[in-house]
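1. let's see this in three dimensions:
(one chain, ligands or ions: 1)
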Amino acid sequence: MTRPRLPETSAAQQRARQAWNRGLTGTGRPARAKTAAIEECTVEVCGSPVTTGHPPAAGMVAVRGAAEGAAAHWYCPGRCAGIARARADLRSASSQAGGEQR
Ligand SMILES: [Zn+2]
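-> So this is what the prediction gives:
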């Protein structure tokens, strides 16, 4: 996401900018490529809802849903399951008494 910016066009603004840049002029470095904090999983059945007792792929683990009565979902063992568990824990923690409400 790019922050909206007012154009810096006045001479004073440009002097200030140049001072900030220690005298450097020109265009800045390109913004870093947008990278996700958590890389997306490429396993297609990862995150699919649990409908039967059988995992859609070998080794997939079922992780409970966040809300009471929410459907469980299948995740890859390890990282994906860990992230899903943490997410469920965070959601349920915030909805319990004493949790923050926003
Ligand atoms: Zn996965």
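
2. give me the below-cutoff pLDDT ranges for the chain.
-> Residue ranges of the chain with pLDDT under 70: 1, 28, 34-35, 94-102.

3. quick one, strands of it?
-> Secondary structure of the chain (DSSP state E): strands located at 61-63, 73-75.

4. partner strands of the first one and their direction?
-> Here strand 61-63 is paired, per DSSP bridges, with strand 73-75 (antiparallel).

5. what lies in contact with the partner strand?
-> Residues outside strand 73-75 that contact it (CB atoms under 8 Å, 6 or more residues apart in numbering) are 45-50, 55-57, 60-63, 65, 81, 83-84. From N, CA and C alone the C-beta is placed, and that goes for glycine too.

6. for the protein, longest helix please?
-> Scanning the chain for the longest helix, with DSSP state H as the assignment, gives helix 79-95.

7. who are the packing partners of that one?
-> strand 61-63, strand 73-75 (3 or more CB pairs under 8 Å, 6 or more residues apart in numbering; DSSP states H and E).
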